[in-house]
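> Provided below for reference: sequence and predicted model.
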Amino acid sequence: MPLMEWHTDDGNMNWPDLIDLAPESAGIDLKAVREYRLGRVREQMKRYGVNALILSDAVNIRYATGARNMQVFSSRNAPSRYLLLTEDRSILFEFTGCLHLADGLETIDEVRPSETASFVAAGPHIKEREAQWARKMIALMKELAGPDLRIGLERMNAGVAIEMAKCGVPVVDAQQPVEMARCIKSDEEIKCMIASLQATEQATGKMRGAIQPGITENQLWSILHQEVIALNGDYVETRLLNSGARTNPWFQESANKVIRENELVGFDTDVVGCHGYYSDFSRTFHVGPDAPSEEQRTLYKVAHEQIQHNIDIIKPGMTFREYAEKAWDIPEKYHANRYYLSAHGVGMSGEYPYLYHRADFPDAGYDGVIEPNMTLCVESYIGEKGGREGVKLEEQLLVTEEGTRLLTHYPFEEELLK
């Protein structure tokens, strides 16, 4: 799939027209995407000795089958829809009235109405509902997978897991097989990710063009939303856009604060975009009308140096520990406000692995291997503790057999790199 080319003409940014993102125009075989992902989940189930898997995370259901329905609602109201997978059967338990949404998906053998085992649905009868739900599901799994069950379970209310354990079947956390499945992408998945990134880059261009003194952070952030949805993205997962003094420290959510002249504006996309793939890059802009200050340029150049260094060292076969040891050293004056990760996996959301800074590895880190066809986001936040402003930058990339391929192509701010 061709990538967008950003260019300047007489010092003014020209935002290109977005290519047609329809799967057939972009050369994406969505059937192949779905079949690969379902195969990956079943492969990892076998690897970890799980012969029945119950998924309730909406993103994981979509990963395994392609079925999408009320992802944000489902995240709060679990288990309102869930997927049962065995070695050769796939049954989606869909929200009432929504069974038709899975029509045509070859990854789903059967659709049944879900039975919601939550306090909201059952009220004071919650324990009875949970026990009934557990018994029914175990009976079905034994019918499909045999009597010797080892169940992988995720994101259910605690009572469900307790009731299943009372029934005498081994229950394990489903996170490991699912995350290990998701971390290696197919070529068709990469096409989906590129389409999502291109749409988000177009949305970012619209937002960048709207930056001016007097607009509020929320007004500016809403432009990103509008364009993402117009281009068939799903939603923005966080509220990470802020300006001026609210750029330090990071993780201050977008608010009605008015953006002033010559401030920095930092943001992180966190977009669940086209085909459900995560578009995750960060940029920091300068409002103008004057040139950036020397302090602003310094922060920006240091952040840019960090992500470029860390992208350059990533190689297939490198261990997570080796990455931490070779990663860019954060200067002491910026260390207290560092971003909590050096890099992380990305797919249909943020995912395995987390790659930690050298100083954090002994307490938080774990080892593993960077493999070809992993997709990673490399992060930087630079701002002194108690400082006036900070800079957030991030790039998204694909690990290849030879090294890495950059997937993000939104330009950096030339005025801040001088």
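On my side now, so go ahead.
> in the chain, which residue is closest to the centre?
Using Cα atoms, centre = their mean, the residue of the chain that lies closest to the mean C-alpha position is residue 349, 2.1 Å off.
> my guess is that one contacts residue 234, does it?
No. Using Cβ atoms under 8 Å as the test, residue 349 is too far from residue 234 to be in contact (10.7 Å). Bear in mind the C-beta positions are built from the backbone N, C-alpha and C, glycine included.
> Need the overlap of contacts for these two.
Common neighbours of residue 349 and residue 234, using Cβ atoms under 8 Å, 6 or more residues apart in numbering, are residue 272.
> Point out where the chain drops to low pLDDT.
Counting by pLDDT under 70, the chain contains low-confidence ranges at 1-26, 78.
> One more pass at 80, please.
1-26, 75-79 (pLDDT under 80).
> Could you pick out the longest helix of it?
Counting by DSSP state H, the longest helix found in the chain is helix 187-209.
> Next SSE downstream of that helix?
Sequence-wise, the next helix or strand downstream of helix 187-209 (DSSP states H and E) is helix 217-230.
> Tell me the first helix or strand C-terminal of that next one.
Of the helices and strands lying after helix 217-230 in sequence (DSSP H and E), the nearest is strand 235-236.
> List the contacts of the helix or strand immediately after that following strand in the chain.
The helix or strand immediately downstream of strand 235-236 is strand 241-243, counting by DSSP H and E. Residues from elsewhere that reach strand 241-243 (Cβ under 8 Å, 6+ apart): 217, 220-221, 224, 252-255, 257, 259-260, 263-268, 287.
> before we move on, what about stretch 348-362?
Contacts to stretch 348-362, defined as Cβ under 8 Å, 6+ apart, come from residues 59, 62-63, 179-180, 182-183, 237, 272, 276-278, 280, 320-321, 323-325, 327, 329-330, 335, 338, 340-345, 364-366, 368, 370, 374, 376-377.
> taking those residues one by one, which sit in strands?
Of the positions in the contacts of stretch 348-362, 272, 278, 343-345, 376-377 sit in strands, assigned by DSSP state E.
> List the buried residues of stretch 132-143.
133-134, 137-138, 140-141 (16 or more other Cβ atoms under 10 Å).
> Tabulate those residues in JSON lines, adding columns for distance to residue 312 and secondary structure.
What follows is those, written out as JSON lines (distance: Cβ to Cβ, whole Å; DSSP: H, G, I helix; E, B strand; the rest coil):
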{"residue": "133", "distance to residue 312": "51", "secondary structure": "helix"}
{"residue": "134", "distance to residue 312": "51", "secondary structure": "helix"}
{"residue": "137", "distance to residue 312": "49", "secondary structure": "helix"}
{"residue": "138", "distance to residue 312": "51", "secondary structure": "helix"}
{"residue": "140", "distance to residue 312": "51", "secondary structure": "helix"}
{"residue": "141", "distance to residue 312": "48", "secondary structure": "helix"}
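> List the buried residues of stretch 186-198.
Per 16+ other Cβ under 10 Å, stretch 186-198 contains these buried residues: 186, 188-198.
> Would you enumerate the residues in contact with residue 383?
When contacts are counted by Cβ under 8 Å, 6+ apart, residue 383 is found next to 247-250, 299, 334, 337, 389-391.
> switch to 6 Å and redo it
Taking Cβ atoms under 6 Å, 6 or more residues apart in numbering as the criterion, residue 383 is in contact with 248, 337, 390.
> Could you give the number of residues near the residue nearest to it when sequence neighbours are not counted?
In space, and not counting its chain neighbours, residue 383 is closest to residue 390: 2.4 Å by Cβ to Cβ, 6 or more residues apart in numbering. Residue 390 has 25 neighbouring residues, counting by other Cβ atoms under 10 Å.
> which residues does the residue lying closest to residue 190 once chain neighbours are set aside form a beta bridge with?
Excluding the flanking residues, the one nearest residue 190 by Cβ to Cβ, 6+ apart is residue 398, at 6.1 Å. Beta bridges link residue 398 to residue 375, residue 405, judged by DSSP bridges.
> Output stretch 211-220 as CSV, restricted to C-alpha atoms.
Extracted in CSV, the C-alpha atoms of stretch 211-220 (Å, rounded to 0.1, in the frame of the first residue of the first chain):
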residue,chain,number,x,y,z
ILE,A,211,-4.4,25.4,16.0
GLN,A,212,-4.6,29.1,16.9
PRO,A,213,-4.6,31.2,20.0
GLY,A,214,-8.1,31.3,21.6
ILE,A,215,-9.3,27.8,20.7
THR,A,216,-9.7,25.5,23.7
GLU,A,217,-8.0,22.1,24.0
ASN,A,218,-11.4,20.3,23.8
GLN,A,219,-12.4,22.2,20.7
LEU,A,220,-9.1,21.3,19.1
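> Please spell out which residues along that stretch are buried.
211, 215, 217, 220.
> what about the nearest residue to residue 136 once chain neighbours are set aside, distance to residue 172?
Distance criterion Cβ to Cβ, 6+ apart; nearest residue to residue 136, sequence neighbours excluded, is residue 115 at 7.4 Å. Residue 115 sits 23 Å away from residue 172, taking Cβ to Cβ, to the nearest Å as the criterion.
> Could you do residue 82 as well?
16 Å.
> how does the protein divide up, domain by domain?
Using automatic domain parsing, the domain ranges for the chain come out as 26-182, 184-417.
> ok, residues contacting the helix or strand containing residue 36?
In this structure, residue 36 sits in helix 30-47 according to DSSP H and E. Outside helix 30-47, the residues that touch it by Cβ under 6 Å, 6+ apart are 23, 53, 63-64, 66, 107, 177, 180-181, 186, 188-189.
> can you map out the helices along the stretch 51-200 of the chain?
For the stretch 51-200 of the chain, the helices defined by DSSP state H, counting those that start in this stretch occupy 58-65, 71-76, 119-122, 126-145, 158-166, 175-182, 187-209.
> Between helix 175-182 and the last one, find me the angle.
Translated: helix 187-209. Here helix 187-209 runs at an angle of 90 degrees relative to helix 175-182 (axes from the mean of the first three to the mean of the last three Cα atoms, to 10 degrees).
> Which elements pack onto helix 187-209?
Counting contacts by 3 or more Cβ pairs under 6 Å, 6 or more residues apart in numbering; DSSP states H and E, helix 187-209 packs against helix 30-47, helix 217-230, strand 278-279.
> among the ones you listed, which is nearest residue 152?
helix 30-47 (6.8 Å; Cβ to Cβ).
> Report the backbone C-alpha coordinates of the closest one in PDB.
Written as PDB, here are the backbone C-alpha positions of helix 30-47 (Å, rounded to 0.1, in the frame of the first residue of the first chain):
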ATOM      1  CA  LEU A  30     -10.000  -9.100   5.200                       C
ATOM      2  CA  LYS A  31     -11.000 -12.700   5.100                       C
ATOM      3  CA  ALA A  32      -7.300 -13.600   5.100                       C
ATOM      4  CA  VAL A  33      -6.800 -11.200   8.100                       C
ATOM      5  CA  ARG A  34      -9.600 -12.900  10.100                       C
ATOM      6  CA  GLU A  35      -8.500 -16.500   9.300                       C
ATOM      7  CA  TYR A  36      -4.900 -15.700  10.200                       C
ATOM      8  CA  ARG A  37      -5.900 -14.200  13.600                       C
ATOM      9  CA  LEU A  38      -8.200 -17.000  14.500                       C
ATOM     10  CA  GLY A  39      -5.500 -19.500  13.600                       C
ATOM     11  CA  ARG A  40      -3.000 -17.600  15.800                       C
ATOM     12  CA  VAL A  41      -5.300 -17.800  18.800                       C
ATOM     13  CA  ARG A  42      -5.900 -21.500  18.400                       C
ATOM     14  CA  GLU A  43      -2.100 -22.100  17.900                       C
ATOM     15  CA  GLN A  44      -1.400 -20.300  21.200                       C
ATOM     16  CA  MET A  45      -4.200 -22.100  23.000                       C
ATOM     17  CA  LYS A  46      -2.500 -25.400  22.000                       C
ATOM     18  CA  ARG A  47       0.900 -24.100  23.000                       C
END
